[in-house]
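Trainee: Fold the following for me, if possible:
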Amino acid sequence: MDAGTIIKTFEVKQGSNELNLDGIYPVETLKGVKTKHIRYYVDAIETTKEGKPSYANRILVECREAGSLDVVLGEGYLAFKDEEWTARFRYRDRWCGGDGIYSFNLTNGNDAFDQNNESTQLFVFGDTLVGRVDEEDKHRFEPIAMPNNSFAYLDKGKKDPRFNVNTIDHGTVEAFFSIDDSYNKNGTLASHLITYDASSRLQGWLSGYDRDRPAVMFDLHEKKHVTHLSISNYMYEGQPETAVRGIRKFTCRVSDDKQRWDDLGTFELNKAKTIGDKETFDVNRSFRYLEIRPLSFKNEGNYDETGEGLFGLNKVRFYDQDRQYLDVWAEADSTLLTSSADRWIWLQDGVVTDDSLTFFPFVVEQDLTQPEGLQFKVSGINAITVPIEDGRIFPKQASQKRTPFFFFDDDKEYNFGGAVMANTKQAGAHGPDGFVYVYGYTSEKGFRRMIAGRVKKDDLLSFDDWRFFDGKDWVADPKNAKPLLDHISCEFSVSPIKKGKHKGKYLAVFTYDTDTPYIAYALGESPVGPFEEPNIVYKAPEPAIHGGQCYSYNAKAHPQVSSSDNVLVSYNTNTYSFEQNMANHEIYNPRFIRLRIIGG
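Mentor: Predicted coordinates for the structure are as follows:
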């Protein structure tokens with residue numbers, strides 16, 4: 001169909017009319033009888049736009065007279081099912097369903113539109129169902145394994161992906177990527193000292209019993225200039241009596257290599273009156289490592305006169321003037337309580353740089369207070385880097401690092417990693433600036449808005465080198481990231497367009513408001529916009545087809561296997577009911593559509 005084509009002709013009456021279309025179209029205008037008060041909708045969502053086509057499957061119009069009215073197609077994208085791509089991901093041998101579905105070019109890292117198929121693609125999945133299905137009545141056979149991630153290779157020149165499920169000794173099924181032990185602990189941990197703005201208050205660090213002069217070591221990951229520390233002494237929330245565990249007098253020393261140390265002296269910290277109490281200590285030194293070690297009990301190392309035998313702190317912050325360093329890790333040589341947290345990984349987007357692939361996955365843990373299908377909570381974001389060789393990744397050689405990019409400011413959640421765009425020469429960018437753009441969202445009362453950070457590709461894991469767009473400039477504090485686009489989903493994509501009518505613009509593809517059936521896009525003038533208002537271009541039929549608690553979510557584009565004028569988009573379908581998933585294996589599988597350009 002071309003712009004100007006008549007989508008449908010309606011016979012209308014004088015007065016109010018409702019025009020229902022057989023799909024969602026960009027409507028340029030209505031031609032025929034004289035009209036007034038035209039409003040465009042996708043179902044109940046008003047989509048009227050002034051001066052440009054409005055996407056709609058439903059139009060409300062006031063007609064001045066009875067007669068005929070033509071609905072005229074405008075320029076934009078039309079969405080079509082891609083049954084061939086959907087069929088490729090309906091696999092029935094062990095791997096039999098997954099969500100997530102990000103993709104990466106393992107041959108050369110070029111993730112731009114308009115390539116040939118001479119590259120090997122990697123598709124990664126989140127929660128994966130592994131088992132056997134009945135093709136006749138569609139049910140899944142018990143038992144079903146569910147590793148938290150899997151992947152598939154689409155080798156160059158091939159049509160069908162090769163699915164990979166991780167089976168370890170004796171054939172046991174496990175995820176390829178799991179949380180490192182360092183980040184999979186609960187207790188009175190030193191890492192709580194440098195975990196800021198978490199969703200729930202972490203109760204600081206406590207030493208083990210009767211450990212005289214325990215040490216806490218802080219690692220800034222590289223040599224940095226620190227003007228001062230801000231320290232909050234120990235107190236357990238709601239129990240002010242526990243403030244006597246707080247450190248009173250301590251020594252402090254710094255090092256670049258943990259071999260040669262420079263003593264900064266002995267300091268005294270006041271007993272906490274509230275959990276939020278902070279004290280500032282001048283440092284004005286450059287270093288990588290800093291050690292805090294309380295004096296002995298008998299030399300006023302803490303405020304306790306009962307002989308309980310514990311030392312504690314609540315928070316330690318590092319500053320260079322008014323800038324707070326966020327890329328810090330802490331460990332102690334004595335800890336009162338430690339246990340496994342049973343956390344897992346949900347892969348988010350990533351980027352190929354040189355000969356490695358780096359993801360920014362969610363760190364997730366169980367939350368039984370939530371309803372069925374949602375009994376989890378996100379507690380952080382890590383970076384996982386895995387080597388690439390000959391079109392293959394090697395998860396056993398992956399390295400992992402905690403990031404500071406999941407946090408709360410009052411009741412507003414911030415996180416990064418839902419979409420990544422490399423504006424680099426390797427990625428095939430049309431105007432490479434050498435930065436990797438990492439997108440995320442703020443979430444407040446369930447409403448998500450896109451935000452962006454960026455960093456030079458060689459500094460990808462140096463998190464204090466990241467900068468965040470505040471609407472005008474790139475700044476160091478991620479809390480100042482300004483929303484760029486409303487109604488975003490948790491997973492999405494932002495891709496540069498290299499050819500055609502929208503050459504030089506940036507295409508964001510997402511599910512409108514997270515888990516609705518609506519897929520939307522928006523065009524931006526730069527990697528950080530300004531972006532137009534979302535255009536709802538497609539309604540996923542699966543929730544209506546399967547009924548029950550079925551839903552769709554997390555649409556995104558796959559540019560490296562698309563052309564600029566025919567964009568491959570995936571989305572996920574699932575159900576909140578485990579029984580419904582077991583009864584019909586067709587629900588939990590990726591779906592694909594195409595966004596085809598209208599009007600050149």
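Trainee: From now on I want contacts and neighbour counts done on CA atoms only, so please keep to that.
Mentor: OK.
Trainee: Pick out the residue closest to the middle of this protein.
Mentor: Gly418 (2.9 Å; CA atoms, centre = their mean).
Trainee: What strand or helix carries it?
Mentor: Gly418 is part of strand 412-423, with elements assigned from DSSP states H and E.
Trainee: so for the helix or strand following that strand, what's the average pLDDT?
Mentor: The element immediately downstream of strand 412-423 (helix or strand, assigned by DSSP H and E) is strand 435-444. Strand 435-444 comes out with an average pLDDT of 97.
Trainee: so the residue nearest to the centre of the chain makes contact with Ala508?
Mentor: No: look at Gly418 against Ala508 with CA atoms under 8 Å: they stay out of range, at 11.9 Å.
Trainee: Residues that sit against both of the two, list them.
Mentor: Common contacts of Gly418 and Ala508, defined by CA atoms under 8 Å, 6 or more residues apart in numbering, comprise 492-493.
Trainee: Give me the distance between Thr227 and Gln321.
Mentor: Thr227 sits at a distance of 6 Å from Gln321 (criterion: CA to CA, to the nearest Å).
Trainee: An error on my part: the question was meant for Leu310.
Mentor: 33 Å.
Trainee: The two - which one has more neighbours?
Mentor: Higher neighbour count among Leu310 and Gln321: Leu310, with 24 against 11, using other CA atoms under 10 Å.
Trainee: so is that one in a helix, a strand, or just coil?
Mentor: Secondary structure assignment for Leu310 (DSSP: H, G, I helix; E, B strand; the rest coil): coil.
Trainee: Pretty sure Pro214 is one of the things it touches, is it not?
Mentor: No: using CA under 8 Å, Leu310 is not in contact with Pro214; the gap is 9.6 Å.
Trainee: Next, show the common contact partners of those two.
Mentor: Looking at what touches both Leu310 and Pro214 (by CA under 8 Å, 6+ apart), the common residues are Ser207.
Trainee: Just give me the neighbour total for Gly109.
Mentor: Around Gly109 there are 25 residues (other CA under 10 Å).
Trainee: what's the answer for Glu305, then?
Mentor: Quick note: Glu305 (other CA under 10 Å) scores 12 neighbours.
Trainee: gap between it and Val71?
Mentor: 83 Å.
Trainee: Quick one: low-confidence residue ranges for the stretch 51-200 of the chain.
Mentor: Residue ranges of the stretch 51-200 of the chain with pLDDT under 70: 198-200.
Trainee: Give the closest residue to Lys315 in space, chain neighbours not counted.
Mentor: Nearest non-adjacent residue to Lys315, counting by CA to CA, 6 or more residues apart in numbering: Leu193, 4.2 Å away.
Trainee: Give me the local confidence score for Thr369.
Mentor: 79.
Trainee: now swap in Val351 and tell me
Mentor: At Val351, pLDDT is 98.
Trainee: Just list whatever residues bridge to it.
Mentor: Listed by DSSP bridges, the beta-bridge partners for Val351 are Thr358.
Trainee: residues in contact with it?
Mentor: 104, 109, 357-359, 420-422.
Trainee: How many residues are close by Asp263?
Mentor: Neighbours around Asp263, by other CA under 10 Å: 12.
Trainee: Look up phi and psi at it.
Mentor: The phi/psi pair for Asp263 (degrees, to the nearest 10) reads phi -80, psi 130.
Trainee: That one reaches Val283, doesn't it?
Mentor: No: counting by CA under 8 Å, Asp263 does not reach Val283; the two are 10.9 Å apart.
Trainee: about what we covered before: report the strands that pair with the strand holding Gly418, each with its relative direction.
Mentor: Partners of strand 412-423 in its sheet, by DSSP bridges: strand 406-409 (antiparallel), strand 435-444 (antiparallel).
Trainee: Can you lay out those as JSON lines showing mean neighbour count and distance to Asp114?
Mentor: Shown next, in JSON lines, are the strands paired with strand 412-423 (neighbours: other CA atoms under 10 Å; distance: least, CA to CA, whole Å):
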{"stretch": "strand 406-409", "mean neighbour count": "20", "distance to Asp114": "34"}
{"stretch": "strand 435-444", "mean neighbour count": "23", "distance to Asp114": "20"}
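Trainee: mind putting the ones you listed in CSV, distance to Ser207 included?
Mentor: CSV is the format used below for the strands paired with strand 412-423 (distance: least, CA to CA, whole Å):
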stretch, distance to Ser207
strand 406-409, 26
strand 435-444, 36
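Trainee: what about those, which gets the closest to Gly547?
Mentor: Within the strands paired with strand 412-423, the stretch nearest Gly547 is strand 435-444; the backing value is 27.8 Å (CA to CA).
Trainee: And the closest one, how far out from the chain middle?
Mentor: Relative to its chain's centre, strand 435-444 lies at 8 Å (CA atoms, centre = their mean, to the nearest Å).
Trainee: same question, stretch 236-250
Mentor: What separates the centre of stretch 236-250 from the centre of its chain is 37 Å, taken as CA atoms, centre = their mean.
Trainee: Just the buried positions in it, please.
Mentor: Going by neighbour count (16 or more other CA atoms under 10 Å), the buried part of stretch 236-250 is 236, 242-250.
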